[in-house]
Every structure is written in structure tokens, then in C-alpha cells.
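S.K.: I need the structure of the sequence given here:
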Amino acid sequence: MAGTALLIIDMQMGMQARLDEGRAAVNPDADVVIARLAAACRAAGVPVIHVRHHDRHPDSPFREGLPGAAPMPCDIEAPGEAVFYKSTSSAFASTDLAAHLRGHGITRVIVTGAVLGFCVTSAVRWAADLGFAVVLPRDAVLGFDLPHAGLSADEIARVTFGLLGADFAELTDTETLIAGL
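M.R.: Residues are numbered from 1 along each chain as shown. Coordinates of the predicted model:
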């Protein structure tokens, strides 16, 4: 898959804490799926790129140096893999990720990670707007409910996948991606 890279967005221990607290989620095993996909990409020579959220807000569990900001095991980089630290929702807005991808001849990105309705959506839309082909494996993203808005994790996922699949990304699953590597 020349010209393709795997992006792992915000798979950090703060996400694991939400799962451990029993927060309603879609794909609560996304970390296992992402780890399998990353291993398959590495074996096929597809670059794996890590994007982590380092929030500047003093109350955020994703502030640099706090346990919530540490990567989950599925997001620990192998030697030589690029890691970007963002302070915005999009992986592209506060990093030089786009320049890195272009500099390495990447024209297609597989987007995985957390949270589906927020940072994953932002990354997918920005990547598409910047001219990258985007692939979104439905089973390799983690999404949560929004209790204050009365929205379940499943409702958010259904609408988000519908919107992203309409104009921004090719929707697929991990097995199909791995078979195509």
C-alpha cells in the first residue's frame, strides 16, 4: 500500500479510564483492533503515525505529564515511528502532520482512534479537505455517549459514520484492510 499511512488518534489512558468507569461506548475493544491493524501495517511496511492530545486546560486529564495523557498499549510507538502532539481537536490544526505526510509521499490515511464524534471526526474532515484519501475502519474507533445531550454512543456512531461516509471517508472494517495489505 504505497502512499498509505495508519493514523492512531488519541488512544491515551484517559480513554481507558472512561472505559474502566463504565462509560457507555461503541467499540470498547477498539484498542485490541487497533493493535492488530498496527501490527499488520508494520509487517506490510505501511507507516504508523501516532497523534496524542496534550490539552492546555489545567483541569484536563490529557495534560502533558499526567497519567491520562500516556498512550494506551495499542498506541506505543515502535522505533522510528512519528509521534505528533496536538492541542486542538484536529490532528492537523496544531501540528505539522500534513507536511509530514506529504513529505513522505503519503496520499491516503487510515484513521483510527478516539473519540469518534470529536477528534476522529476532525481528523477525517481535515484530511479530506487537505486532499488526502481517507479510510475509516468502523471497528477501529472508540466512541462514547453524551449523557448531557441525551445521546447514546450508538446514536452518535450511526450519525457520525453516516456523515463521514457520505463525503469524507471510505468506510470499511479492519479485516478488509488487513486482507488488502
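S.K.: pLDDT below threshold where in this protein?
M.R.: Along the chain, the model assigns pLDDT under 70 to residues 1.
S.K.: Roughly how far does the most far-flung residue of the chain relative to its centre sit from Ile156?
M.R.: Seen from the C-alpha centroid of the chain, the residue lying at the greatest distance (Cα atoms, centre = their mean) is Gly150, 24.3 Å away. Using Cβ to Cβ, to the nearest Å, we find Gly150 at a distance of 11 Å from Ile156. Quick note: C-beta positions are derived from backbone N, CA and C, even for glycine.
S.K.: just the strands in the chain please.
M.R.: 4-9, 25-26, 48-53, 83-86, 108-114, 133-137, 141-144, 170-172 (DSSP state E).
S.K.: Would you reformat those as a markdown table and include distance to Gly68?
M.R.: Shown next, in a markdown table, are those (distance: least, Cβ to Cβ, whole Å):
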| stretch | distance to Gly68 |
| --- | --- |
| strand 4-9 | 15 |
| strand 25-26 | 16 |
| strand 48-53 | 9 |
| strand 83-86 | 14 |
| strand 108-114 | 12 |
| strand 133-137 | 25 |
| strand 141-144 | 14 |
| strand 170-172 | 29 |
